[in-house]
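A.B. asks: My questions concern the predicted model and sequence given below.
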Amino acid sequence: MTSRQLFTIVTMFVIGVFGYAALAPGPASRPARFATEPNGSATPTAPPPAYDVRPLVQPQGRYLGVALDGAPQDLSRVDRFADLVGRKPNIITIYESFDDEFAAAEVRRVHRYGALPIVRWEPFKAKLKDIAAGRHDPYLVEFAVAVRRLNLPVALTIAHEMNGHWYPWGAHDNTAEDFVAAWRHIHAVFGRAEATNVIWTWTPNVVDPVPSVRLAPLFPGDTYVDWVGIDGYFTRRGEQTFDDLFGPTIKQVRRFTQRPLLIVETGAEAGTLRARAVDELFTAMRRRPDLLGFVYFNQKGSGDWVIDSDTPALAAYRDGAAADARIGFRVG
């Protein structure tokens, strides 16, 4: 090894160490703000308090959300959806891979629209055990600091549908202990970064496709969770009422937590089922005080859930939104 090579290696090591230290959460890492004294000198001031998400965790109103391809990058798509259903959504979904930078611009755009961004953070490449062991901490710290720096409300799901077997972070390749440890570790990193502007949204899939996977061992605990999210879709071959689709999952959940519920992802296949499913969602929201709302996945995925040209379903959506003045409040 030449002296030049040795110098390069040592330099990169030093940069890596001090770069991490600069991002590490704690009093020394927070960027100082300065106020000018009457004599012209500058003195450091504390950063502004974190956005208080408590009124959004237990809101007076109800959430009506949407997940759209190309949004929130293009909010005209959200406006078009709002025109179709007669109500502006106040939750908009953002999908992020675990190795992405925090989508600050998209979150800011959603907030200006008057909605709450719900970020679905997907660890396609990172193993839950490695996350729990701190092997991704430089990335986690950078992400958490960015969330705190933006200081806007964010609902965050991590490794959603963890009780299923269709994602690499699912129950087929990971234990419940792996998932809980990873969740709690991420929560701790955000806590040290003082990123309390996050609504922690634990989100399993409805239990019917995976009846052997119990939810209780996967729950990180009320200290680490603000909302229980649920993903579930109405299909022609599956459950076609709200109680049949979501009831067994809610029954399990209520054995270990009373946290509020949010349907984080749902949709219905085309046909007479779709209008009936939309009506079921709105009826459940009116009848269940613990159900804060739902997010409609208006895209093609495992099925064609797009509602845009379905006249009966759109009518059911408009009627449901108009029937309750609490639905669709503006997030400020």
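C.D. replies: Thanks, I have it. Numbers count the residues shown, from 1 in each chain.
A.B. asks: buried set for stretch 282-297?
C.D. replies: Buried residues in stretch 282-297, counted by 16 or more other Cβ atoms under 10 Å: 282, 284-285, 291-297. To be clear about C-beta, it is placed using only N, CA and C from the backbone, and glycine gets the same treatment.
A.B. asks: and the end-to-end length of that stretch?
C.D. replies: One end of stretch 282-297 sits 15 Å from the other (Cα to Cα, to the nearest Å).
A.B. asks: Strands - which of the buried residues of stretch 282-297 land there?
C.D. replies: 291-297 (DSSP state E).
A.B. asks: Just give me the closest of those residues to residue 202.
C.D. replies: Relative to residue 202, the closest of those is residue 292; by Cβ to Cβ it sits at 13.9 Å.
A.B. asks: can you pull the contacts of the closest one?
C.D. replies: Contacts for residue 292 (Cβ atoms under 8 Å, 6 or more residues apart in numbering) come out as 59, 62-63, 227, 260-262.
A.B. asks: Only the buried subset of those residues, as a PyMOL command please.
C.D. replies: With 16+ other Cβ under 10 Å as the criterion, this PyMOL line picks the buried residues out of the contacts of residue 292:
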select buried, resi 59+62+63+227+260+261+262
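A.B. asks: From the contacts of residue 292, which land in strands?
C.D. replies: Among those, the members falling in strands (DSSP E) are 63, 227, 261-262.
A.B. asks: Strands along the stretch 1-150 of the chain, start to end?
C.D. replies: Listed in chain order, the strands of the stretch 1-150 of the chain (DSSP state E, counting those that start in this stretch) span residues 33-36, 42-45, 63-67, 91-97, 116-122.
A.B. asks: Compile the ones you listed into CSV and extend it with columns for mean pLDDT and distance to residue 212.
C.D. replies: Listed next are the strands of the stretch 1-150 of the chain as CSV, based on pLDDT from 0 to 100; distance: least, Cβ to Cβ, whole Å:
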stretch, mean pLDDT, distance to residue 212
strand 33-36, 40, 53
strand 42-45, 57, 55
strand 63-67, 98, 28
strand 91-97, 98, 28
strand 116-122, 98, 24
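A.B. asks: thinking again about what came up before, save the buried residues of stretch 282-297 as a markdown table, and put in distance to residue 197 and pLDDT too.
C.D. replies: Below are the buried residues of stretch 282-297 laid out as a markdown table (distance: Cβ to Cβ, whole Å; pLDDT from 0 to 100):
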| residue | distance to residue 197 | pLDDT |
| --- | --- | --- |
| 282 | 30 | 97 |
| 284 | 29 | 97 |
| 285 | 26 | 96 |
| 291 | 24 | 98 |
| 292 | 18 | 98 |
| 293 | 20 | 98 |
| 294 | 23 | 98 |
| 295 | 20 | 98 |
| 296 | 25 | 98 |
| 297 | 25 | 98 |
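A.B. asks: Out of those residues, which comes closest to residue 222?
C.D. replies: residue 292 (16.4 Å).
A.B. asks: Would you mind listing the buried residues in stretch 132-141?
C.D. replies: 132, 136-137, 139-141.
A.B. asks: Could you tell me the end-to-end distance of that stretch?
C.D. replies: OK, stretch 132-141 end separation, Cα to Cα: 13 Å.
A.B. asks: Distance of the residue nearest to residue 185 when sequence neighbours are not counted relative to residue 184?
C.D. replies: Spatial nearest neighbour of residue 185, excluding adjacent residues (Cβ to Cβ, 6 or more residues apart in numbering): residue 132 at 4.9 Å. Separation of residue 132 from residue 184 (Cβ to Cβ, to the nearest Å): 8 Å.
A.B. asks: what's the answer for residue 60, then?
C.D. replies: Taken as Cβ to Cβ, the span from residue 60 to residue 184 is 31 Å.
A.B. asks: Neighbour count: those two, which is higher?
C.D. replies: Counted by other Cβ atoms under 10 Å, residue 60 and residue 184 do not tie: residue 184 has more neighbours, with 15 against 7.
A.B. asks: element containing the more buried one, please.
C.D. replies: helix 176-192 (DSSP states H and E).
A.B. asks: Any idea how far the helix or strand following that helix is from the middle of the chain?
C.D. replies: Following helix 176-192 in sequence order, the next helix or strand is strand 198-202 (DSSP H and E). In this view, strand 198-202 has its centroid 6 Å away from the chain centroid, taken as Cα atoms, centre = their mean, to the nearest Å.
A.B. asks: Since that was my last question, I'll sign off now.
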